[in-house]
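# with the input below, show me the fold.
(one chain, ligands or ions: 1)
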Amino acid sequence: MRFKRHLLLESPSNRDAREGLQMSSPDTHTFKYDPDKEILENTLLNTRVIVFDADFIKALTDSLTKAFHTGAVVILYQMGLAYGELLGRRILETGGLGKQAEGVYRQRYASLALGKFRFPTLVSLAMSGPPTAIKVSLEDSFFAKAVGMTGQPECHIVRGLLEGTANVVFRKDYVCQEVKCASKGDQTCEFLVQLRKPA
Ligand SMILES: [Zn+2]
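Residues are numbered from 1 along each chain as shown. Reported below is the predicted structural model:
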């Protein structure tokens, strides 16, 4: 569901009166909760948002693990991958690897509220063709925190997300590994996105 129409139809004064909960960071994103409709939107991206809390993710991970054992990891990774590819297409739609996209992908990732991502700049990355390796860190990962200390990497959705975005944006086949994770005691989670070696 898109919110453009809803926003355009509301006058500023009505909007102020209806705003209720608002969390905003002017340089990144804005969430607006409509207390009448009990819905949340990202006004920067004009998309509706729902909230999965840490308990939900923990329950989801536990139940997938119970049902599919090690397959749970693949399911979570695939969820991230599909969404990452979609994000990649959105980034390309808004200017590809141009400077303008720099802000776009940072905003998209920031608006997921998964933690503090640190990316290298896209422009410098893409200067001499598709990069062979991209290092991304994620501070205070939502998933690591939700699942807790397990002694192994737990941010499978993020791993898929980064891989899917890279596949689409750089039009190559990448593979992403989570090399450090707060769930195994590391300070921050770290991901290495590398060009997939031919089989
Ligand atoms: Zn992690």
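
# tell me the residues of this protein that contact the ion?
Counting by C-beta under 5 Å from the ion, the residues of the chain close to the ion are 141, 144, 155, 181, 189. Any C-beta I mention is one placed from the backbone N, CA and C, and that applies to glycine too.

# farthest-apart pair in those, please.
For the residues of the chain next to the ion, the farthest-apart pair by C-beta to C-beta is S141 and C181; their separation is 7.4 Å.

# which residues do the two both contact?
By C-beta atoms under 8 Å, 6 or more residues apart in numbering, S141 and C181 have these common neighbours: 155, 189.

# list the helices and strands the longest helix along the chain packs on?
Selection of the longest helix in the chain by residue count, based on DSSP state H, yields helix 71-93. The elements that helix 71-93 packs onto, with contact taken as 3 or more C-beta pairs under 8 Å, 6 or more residues apart in numbering; DSSP states H and E, are helix 54-68, helix 99-110, helix 156-169.

# how far is the following helix or strand past the last one from where the chain is centred?
Beyond helix 156-169 in the direction of the C-terminus, DSSP states H and E gives the next helix or strand as strand 174-180. Using C-alpha atoms, centre = their mean, to the nearest Å, the distance from the centre of strand 174-180 to the centre of the chain it belongs to is 15 Å.
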